[in-house]
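[1] Build me a structure from this.
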Amino acid sequence: MKYLLENEIQTKIYFPPVHLTTLYRNLFGYKGEEFTVAENLSKRVLSLPMYPALKKGEMDYIVEKIEKFIS
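    Here you go, the predicted model:
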């Protein structure tokens, strides 16, 4: 996330684990560590920019930066 942000590419955590949302915390008292696989994945999966007005050049830039980071 830091590398992408430094390259002006915003990302977000793709999804919070459902059991850690306010509703489930309040209803069932979940505090974390109950579903460790979901919690671990939520920390590692990012949402990349995607929206109808995203231009091909912007997509190419995102792909280029990700490829550079991986290699």
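
[2] In the protein, what residue spans correspond to helices?
    2-6, 22-28, 36-44, 56-70 (DSSP state H).

[3] Columns distance to Ile13 on top of those, output as JSON lines?
    The C-beta positions use only the backbone N, C-alpha and C, and glycine is treated the same way. Formatted as JSON lines, the helices of the chain follow (distance: least, CB to CB, whole Å):
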{"stretch": "helix 2-6", "distance to Ile13": "13"}
{"stretch": "helix 22-28", "distance to Ile13": "16"}
{"stretch": "helix 36-44", "distance to Ile13": "6"}
{"stretch": "helix 56-70", "distance to Ile13": "17"}
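
[4] Tabulate those helices in JSON lines, adding columns for distance to Tyr14 and mean neighbour count.
    Below are the helices of the chain laid out as JSON lines (distance: least, CB to CB, whole Å; neighbours: other CB atoms under 10 Å):
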{"stretch": "helix 2-6", "distance to Tyr14": "14", "mean neighbour count": "11"}
{"stretch": "helix 22-28", "distance to Tyr14": "18", "mean neighbour count": "10"}
{"stretch": "helix 36-44", "distance to Tyr14": "7", "mean neighbour count": "12"}
{"stretch": "helix 56-70", "distance to Tyr14": "15", "mean neighbour count": "11"}
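
[5] Among these, which comes closest to Phe15?
    Nearest to Phe15 among the helices of the chain is helix 36-44 (6.0 Å), distances taken as CB to CB.

[6] Need the mean per-residue confidence for the closest one.
    Taken as a whole, helix 36-44 has a mean pLDDT of 90.

[7] Appreciated, that's everything.
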